[in-house]
Structures are given as C-alpha cells and as structure tokens.
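Engineer: coordinates for the following, if possible.
(chains A and B)
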Amino acid sequence: MKEKSRRFLAVDIAYLGLMILPIVAGIVLKVLTKPASDSIEITGAQIYRTIPMPVQDLVITESQINSWLVMVAILGLCLFLTHGLSTRKAGVRQHVAEWIVETVDRLVQDSMGTYFMGFAPFVIAILSLSAFSSLVTLFGLYAPTSDLNVVAGWAVLVFVLITYYKFKCGPLQYLKSFAEPVPFLAPLNIISEVATPVSMAFRHYGNVLSGSVISVLVAYALQALSNLVLGWLPGVLGEFPFLQIGLPAVLSVYFDVFSGCLQAFIFAMLTMMYVSGGFPSDLYFARQAEKQQKKMKTKKMEVM
Amino acid sequence: MQNLDVISVNIWQILISLINLVLLFLMIRKFLYQPVKNVLAKRQSELDKQYEAAEEASRAAEESRAKWEETLSGAKAQADEMIEQAAQTAKWRGETIVDEAKSQAAGIVRQAEQEAQLERQKALDDIKREIVEVSGALSEKVLEREINEDDHRALIDSFIEKIGENHE
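Structural biologist: Got it, this is the predicted structure:
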C-alpha cells in the first residue's frame, strides 16, 4: 500500500514537472538569448533558426518554441488531472477534470447540438492552447498568440472544418450558395467566405498584440515620467522608476489575463458557431433519409 | 539574433501551428477527455447497478413479507379451525359419553326392575304355593277329607288374585 502510494506520488511529481519545466525552460531560453534593452522594441517573435524550404524559408521562432512548450505543459496538466481517476473517491483533481469536461460538453451541446459532440475535445484544445498561450506573458515569455502565423494556423484549420461540413451537407448546395442571390456577386461571396478565418486570426492576434504593445508603451511612458518627476533624487533613488509600480500590473491583469481568456473563449465560440452554422444537421438528416428511401425503392424495383 | 516583423506571414509556420492544434486535440482527447468520460460512464453504470440492486432487494423483501403475512394468516386460520374442530370433537364426545351413560343407566334400571319383577313374581309364586299348601293342609285338617284338587286350586287362585290386587 505504502509502496503504491509512493509510486503514485512519484508519478504525480513527474507530471507536475512536465507542467512546470516547459515554462522554466522558456524563461531560461529567453534570458540566454534575448539581450536586455531599455528602448521600446515592438517587433515580432525572435528567430532562432532558419531552415530553407520550398516557396518560403521555414523559420523556427520564439512563438513556435513557446507554443510547443505550452503544449507540453498542457499535456502535463491533462496527465496530472486524470492521474488516479476513480469512480468512488473523487478528489479535487478529478472534480476539476470532470468540471472541465462536463462544462465544455454542455457548451458544445448547447451551441452545436448532439451531432457535434465529437468536437468537445477540440474545443478544449482550442480553449486551453489559446488561453495558456496568452497567459505565458505572465512569466515574461513571448505570447505565441501575438504572432499572426500561430493564430492563422488555427483559423485555417477552423476554415477547413467549416468547408468540410458545408460540403458534407450538400456539395451542390455549397457550390450554388456562391451564386446567390445573383451570380455576379460570386466574388463577394468568396471574399466573405475567406474573410471568416482571416477575421478570426486577426481578431485574436490583434487583441493580444495590442495588449502587449500598450503595456510596453505605458511602461516606457511611466519610466520617462518617473525620470522627469523624481530624477532629482540622489543616487539609485533617482534612477528607480517608482511610477512604474502599480499601473502596469493593473493593465497586465486586463490585457494578459482577462483579454487572453476572453479571446480564447471568443475563438472557441466562433469556431463552434461557424462549424455548426455551416452544417444544418436537420437538413442533412432529411437528405440522408431521402437517400435511404431512394435506395430502398431501387432495391424493391430490383426485387420485382 | 533577428526578429520577425510584427505582421509577417509564413506558410510553414501556419502549417506547423495547424498541426500543433491537431496534435493537441488528439492529446486532449486521449489523455483528458476520454479517461474522464470513461470514468463518468463507469460511475453511471455503477450507480445504475446499485439502484438496480437496491430495487431488487426491496422487491425481494416485499415479496418475502407478503409471503410471511400469507403464511401467518394461514396459520391463524388453521389454528382457529383446529380449535373449532377440537371443540366440536369434545362436544360430540361429551354428548356420546352422556348418551352412553344415560342408556347404560337406563339399562341398569331396566334390569333392576326386571330382576325386581322376577323376584316379586318368584316371591308371589312361593307365597302362592305355600298358601296353597298351607290352605290345603288346613282344609284337609278341617274337613278331614280330600277336596277336589281342581276346585280348590281355582278357589285359591282367585283369592290370591284378590290379595294381590289389594296389595298393590
């Protein structure tokens, strides 16, 4: 019994390590590679390596690395939460895991319908990846969500899903929908179709990036103000940016925590809305039933 | 070290990010969603089983209770019947005994009466004979002669009859 519990604890610690170590690794990597600077720098992610590829060079950037680290941390969290699940004695951990699954299940059920219940893990994945990617800024890391490419990848995947379900519902109907209400509006229809992923990607990326930009600007302005007002103090006191205490923290709570979670939620909700909106399931089932009936009829004819 | 522009599009990065999301989806389904769902389903099935067992138990209890009640009421009725039967038997037997005793007594009385009658007859006969003898002897002595036996007897008989009548 004791041996078993000790092993259980060891596995727990391993999972916790899997959760925390990626963040530590990210911080260490940043400290090692990024030179500290006093000036404002509003740039994209840092490029670690460039790999020549056809069409465009593949660049391995901070955002890629951070996003992988976040994925590993999420994997650790999942393993930690589901470690030692039992039907009788449910601990806090299991309650959290069950709460996550049941809440997302309910969300998917309400906004997409029972046909799309398989989307629940996907929604959890979007929510967690997006939220944690934005929240790594709390550790001073570069948020992968403030890189357009990362969010665009997710939006493209969502676009693929939307198109797949529209096609599944009725290929001819889907193609015909471009020529409505009049055929010469087809270009506009195509643009509106493509606008979906573009708007999703830019919304998410823009929100997170603007948050960090504002944070940097405010911090810099406060430093300048501090130098101006309190610069006459002797020695270290004069150099210390006292005014930077307070306001940036409040801004961080809004831009990093609230906005990050909100954008994750918005992205997930939009995904559900678009996918289920492009697939009227009752219409689909009606068509399936019709097809089935036709098949039956032809079979009967053959038998006759 | 170089930095990316704030707005830059890189196809490969987009592709990597897409694959990342798919991978994370698979991981979450494998390591979070399905285990939790399995546990929930298992718990539900266990609960169902428990409920079923409880219902089964209560139904069995109800059944056995009904059976016992039936048995109990049957036993009561049986006991009542037995008591009644016993009472009847006792009554019947008592009546029989009384009847027997009565008839026996009547027999005894009748026998006694018969015996008494017989005795009386015998006594009467004895007396008659003695009286006849005595009266015969007396008459012989008085008349010094033999009287007609038959006349004599008839006379005596009538006499005795009379005595008997008076006597009774």
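Engineer: please, which helix or strand holds the residue of the stretch 101-250 of chain A found nearest chain B?
Structural biologist: Residue of the stretch 101-250 of chain A nearest chain B, by Cβ to the nearest Cβ: A:Gly153 (2.7 Å). Every residue, glycine included, has its C-beta placed from N, CA and C. A:Gly153 is part of helix A:148-169 when elements are defined by DSSP states H and E.
Engineer: so what secondary structure elements neighbour that helix?
Structural biologist: helix A:62-81, helix A:120-135, helix A:186-230, helix A:259-277, helix A:281-303, helix B:11-28 (3 or more Cβ pairs under 8 Å, 6 or more residues apart in numbering or on different chains; DSSP states H and E).
Engineer: sorry, back to before: quick one, what contacts the nearest residue to the residue of the stretch 101-250 of chain A closest to chain B once chain neighbours are set aside?
Structural biologist: The spatially closest residue to A:Gly153, leaving aside those adjacent along the chain, is B:Ser17, at 2.7 Å (Cβ to Cβ, 6 or more residues apart in numbering or on different chains). By Cβ atoms under 8 Å, 6 or more residues apart in numbering or on different chains, the contact set of B:Ser17 is A:64, A:67, A:149-154.
Engineer: can you give me the distance of the closest residue to chain A within chain B to B:Ala75?
Structural biologist: In chain B, the residue that lies nearest chain A is B:Ser17 (2.7 Å; Cβ to the nearest Cβ). For B:Ser17, the distance to B:Ala75 equals 84 Å [Cβ to Cβ, to the nearest Å].
Engineer: same deal with B:Ser8?
Structural biologist: Remark: distance between B:Ser8 and B:Ala75 (Cβ to Cβ) = 96 Å.
Engineer: what does B:Gln50 give?
Structural biologist: Separation of B:Gln50 from B:Ala75 (Cβ to Cβ): 37 Å.
Engineer: what of A:Asn149?
Structural biologist: Relative to B:Ala75, and taking Cβ to Cβ, A:Asn149 is found at 89 Å.
Engineer: whichever strand or helix holds B:Leu47 close to chain A?
Structural biologist: Using DSSP H and E, B:Leu47 maps to helix B:34-143. Yes: Helix B:34-143 is in contact with chain A by Cβ under 8 Å from any Cβ of the partner chain, via B:35-37, B:39-40, B:42-43, B:46.
Engineer: just the buried subset of these, please.
Structural biologist: Taking 16 or more other Cβ atoms under 10 Å in any protein chain shown as the criterion, what is buried in those is B:35-37, B:39-40, B:43.
Engineer: can you put those residues in CSV and add pLDDT and distance to B:Glu95?
Structural biologist: CSV is the format used below for these (pLDDT from 0 to 100; distance: Cβ to Cβ, whole Å):
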residue, pLDDT, distance to B:Glu95
B:Pro35, 89, 88
B:Val36, 89, 87
B:Lys37, 90, 86
B:Val39, 89, 83
B:Leu40, 89, 82
B:Arg43, 90, 77
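Engineer: looking at those, spot the one nearest A:Gln109.
Structural biologist: A:Gln109 has its nearest neighbour among those in B:Lys37, at 13.5 Å by Cβ to Cβ.
Engineer: any stretches of the stretch 101-250 of chain A with poor pLDDT?
Structural biologist: Along the stretch 101-250 of chain A, the model assigns pLDDT under 70 to residues A:238.
Engineer: interface residues of it facing chain B?
Structural biologist: A:101-102, A:120-122, A:124-126, A:128-129, A:147-154, A:156-157, A:209.
Engineer: which among the residues you listed count as buried?
Structural biologist: Counted by 16+ other Cβ under 10 Å, these give A:101, A:120-122, A:124-126, A:128-129, A:147-154, A:156-157, A:209 as buried.
Engineer: number of nearby residues for A:Asn66?
Structural biologist: 28 (other Cβ atoms under 10 Å in any protein chain shown).
Engineer: if you could redo that for A:Ala219, that was the one I meant.
Structural biologist: 18.
Engineer: right, and it touches A:Gly246 too?
Structural biologist: No: when contacts are counted by Cβ atoms under 8 Å, A:Ala219 is not listed as touching A:Gly246 (11.4 Å).
Engineer: ok so, going back, how far does the following helix or strand past the helix holding B:Leu47 sit from the chain's center?
Structural biologist: Counting by DSSP H and E, the next helix or strand C-terminal to helix B:34-143 is helix B:149-167. For helix B:149-167, the separation from the chain centroid amounts to 71 Å (computed by Cα atoms, centre = their mean, to the nearest Å).
Engineer: just want the phi and psi numbers for the nearest residue to A:Leu138 once chain neighbours are set aside.
Structural biologist: In this structure, A:Leu138 finds its nearest non-sequential neighbour in A:Asp256, 5.7 Å apart by Cβ to Cβ, 6+ apart. Backbone torsions for A:Asp256, taken as degrees, to the nearest 10, come to phi -90, psi -50.
Engineer: what about A:Asp256, how many neighbours?
Structural biologist: 20.
Engineer: what's the spacing between the spatially most central residue of chain B and B:Thr89?
Structural biologist: Nearest residue to the geometric centre of chain B (Cα atoms, centre = their mean): B:Met82, 2.4 Å. From B:Met82 over to B:Thr89 the distance is 10 Å, taken as Cβ to Cβ.
Engineer: re the thing from before, got the angle between the helix holding A:Gly153 and helix A:120-135?
Structural biologist: Relative orientation of helix A:148-169 and helix A:120-135, computed by axes from the mean of the first three to the mean of the last three Cα atoms, to 10 degrees: 160 degrees.
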